[in-house]
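> please find the sequence and the predicted model below.
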Amino acid sequence: MVFGGYDASLNGSSSISCNFADNAGRELVVAVQSITKIVDDTRTDLLPNGILAVLDSSQPNIWLPVEACRRFEEAFGISWNETSEMYMLNSTLHDSLVAENANVTFQLGNTLSGGSTVDIVFPYSAFDLTASWPLASESQPYFPLKRAANDTQYTLGRAFMQEAYLIADYEENKFELSQRRWDDSAEQNLVPIRPPSSNNETTSSTEQSESSSNSSLSIGAIVGIVVGAVAVSVVLTIAIFVQYRRRYRRDNAGDRAEKPSELDIQSSAKGGATVQGAELATEGAEVSELEPAKTYGAELHGDQEHCVEIDGLQKVAEADSSQTIAEMDGLQTVAELDGVQRLAEMDGEGRRPEVHELPGNTAHPSAEGR
């Protein structure tokens, strides 16, 4: 059995081509025009009228009308066993039929009579079969013929398929039947069954090649479009995500800029001079040195309002307890010293400069320790 093709080395020289029948499961229907037994020059007709029979390899026997079976009984001397419903043979009859070696010819066609036909010839050895359990209690030869109750049971089973070669094309809904060729020296020659489009092409080989190429290009173009669309979608998604992250970071940076931990406040001195206050460190706080002859006031921009609160956990550098520290009233804002400059330094001799305290009526920046 070959799927998708056939073995040309087994296909006979003559054959018939038939269309599938409309009956599902019984598509392979062929017309049996005649069945003839031939011994030497003697011919015996075994089929009264032509019949339509289905080719079915699932059945081991040949199912024919009762009248045809009776003609087989007369021609071969076989008897119908009602119990087993088989044609059982005793050893004497079996040996006689083997010695006679008659041929049985099935003439097949598309119609019950006329038209193109093919002859399938069976030697008696094709009917020389042996039944065993459960068909028989012990091995016994039998003739593979069955009585059909009606025309729906007319079947050519595996016994028939021994000498016939069948090629079925389910794409074209056609099948071909020929005499099976027996040649042990022949090499296998597998031939594929082409799709209908390939069988019906009338263009030259060049046009076929171009058509195939165009088909491939069109498929490739479709695949390319799909891949390109997916790639563009991925790139756009990544670009949107990156842009969103940049905007998010920029917005957060703006929020942090609006809420600085330290305020840079400039103190305006008389005469337009500007002095920046020094931020005190957490440990070892130092006091900014102010010129005693000048008065400094903390000045804020008119459109800004700053409230600086000293951390409760940090120590504030205080002046000498014997000195009086001028404290701003509650209406003024404390200016935080800028951490960029450190004005208070020790002199070259390793001494700390004197701290000058402003008079009580003079406003000055308060030192805040962190």
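Yep, that arrived.

> quick one: the strands in the stretch 51-200 of the chain?
All strands of the stretch 51-200 of the chain, identified by DSSP state E, counting those that start in this stretch, fall at 51-55, 62-64, 87-88, 103-109, 117-123, 129-131, 140-143, 145-147, 155-156, 164-169, 174-179, 190-192.

> ok, now which ones touch residue 171?
For residue 171, the contact set (Cβ atoms under 8 Å, 6 or more residues apart in numbering) comprises 193, 195, 196. All C-beta atoms are positioned from the backbone trio N, CA, C, and that covers glycine.

> for the closest residue to residue 65 other than its chain neighbours, give me the pLDDT.
Among residues not flanking residue 65 along the chain, residue 148 sits closest, at 6.0 Å (Cβ to Cβ, 6 or more residues apart in numbering). In this prediction, residue 148 carries a pLDDT score of 96.

> surely residue 148 meets residue 66?
Yes. Assessed by Cβ atoms under 8 Å, residue 148 is found in contact with residue 66 at 7.3 Å.

> in this protein, which strand is the longest?
Longest among the strand segments of the chain by residue count, using DSSP state E, is strand 29-39.

> would you mark the buried spots in that strand?
29, 30, 31, 32, 33, 34, 35, 36, 37 (16 or more other Cβ atoms under 10 Å).

> so what pairs up with the fourth one in the strands?
Translated: residue 32. residue 51, residue 108 (DSSP bridges).

> which residues of the stretch 201-350 of the chain score low on pLDDT?
Regions of the stretch 201-350 of the chain meeting the criterion pLDDT under 70 cover residues 201-218, 220, 254-350.

> any idea how far residue 2 is from residue 19?
Distance, residue 19 to residue 2, using Cβ to Cβ, to the nearest Å: 21 Å.

> same question, residue 68
Distance, residue 68 to residue 2, by Cβ to Cβ: 32 Å.

> give me the more crowded residue out of those two.
Each of residue 68 and residue 2 has its neighbours counted (other Cβ atoms under 10 Å); residue 68 has more, 23 against 13.

> and the longest strand of the chain with strand 164-169, angle?
Our comparison of strand 29-39 with strand 164-169, counting by axes from the mean of the first three to the mean of the last three Cα atoms, to 10 degrees, yields an angle of 170 degrees.

> what does strand 29-39 contact?
Strand 29-39 is contacted by residues 16, 18, 21, 23, 43-47, 50-55, 64, 68, 75-76, 100, 102-113, 117, 154, 156, 177 when judged by Cβ under 8 Å, 6+ apart.

> which ChimeraX command selects the buried ones in those residues?
Buried residues among these (16+ other Cβ under 10 Å), as a ChimeraX selection:
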select :16,18,44,46,47,50,51,53,54,55,64,68,75,76,102,104,106,107,108,109,110,117,154,156,177
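
> how about low-confidence regions in the stretch 1-150 of the chain?
Along the stretch 1-150 of the chain, segments meeting pLDDT under 70 span 1.

> can we see that at 90?
Scanning the stretch 1-150 of the chain for pLDDT under 90 picks out 1-15, 21-27, 40-41, 83-84, 113-114, 132-139.

> kindly state the domain boundaries assigned to the protein.
5-199, 260-370 (automatic domain parsing).

> dump the strands of the stretch 51-200 of the chain to a markdown table, plus distance to residue 226.
Listed next are these as a markdown table, based on distance: least, Cβ to Cβ, whole Å:
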| stretch | distance to residue 226 |
| --- | --- |
| strand 51-55 | 47 |
| strand 62-64 | 56 |
| strand 87-88 | 66 |
| strand 103-109 | 53 |
| strand 117-123 | 52 |
| strand 129-131 | 60 |
| strand 140-143 | 64 |
| strand 145-147 | 59 |
| strand 155-156 | 52 |
| strand 164-169 | 35 |
| strand 174-179 | 39 |
| strand 190-192 | 32 |
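
> quick revisit: give me the phi and psi for the residue nearest to residue 65.
Backbone torsions of residue 148, given as degrees, to the nearest 10, read phi -90, psi 140.

> who's in contact with it?
Applying Cβ under 8 Å, 6+ apart, one finds that residue 148 lies in contact with 63, 64, 65, 66, 154, 155.

> what do you get if the cut-off is 10 Å, keeping everything else the same?
Taking Cβ atoms under 10 Å, 6 or more residues apart in numbering, we find residue 148 in contact with 51, 53, 62, 63, 64, 65, 66, 68, 69, 154, 155.

> next one: residue 138
131, 132.

> swap in residue 187?
Residue 187 makes contacts with 7, 9, as judged by Cβ under 10 Å, 6+ apart.

> use 47 as the first number from now on
Okay, residue one is now 47; in that scheme the one you just asked about reads as residue 233.

> how close does it get to residue 55?
To residue 55, residue 233 is 6 Å away according to Cβ to Cβ.

> burial count for residue 144?
Residue 144 sits with 12 neighbouring residues when counted by other Cβ under 10 Å.

> state the distance from it to residue 267.
In this view, residue 144 and residue 267 are 69 Å apart by Cβ to Cβ.

> kindly report the same for residue 122.
For residue 122, the distance to residue 267 equals 69 Å [Cβ to Cβ].

> just to revisit the earlier point, with neighbour count added, can I get the contacts of residue 217 in JSON lines?
JSON lines is the format used below for the contacts of residue 217 (neighbours: other Cβ atoms under 10 Å):
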{"residue": "239", "neighbour count": "17"}
{"residue": "241", "neighbour count": "11"}
{"residue": "242", "neighbour count": "11"}
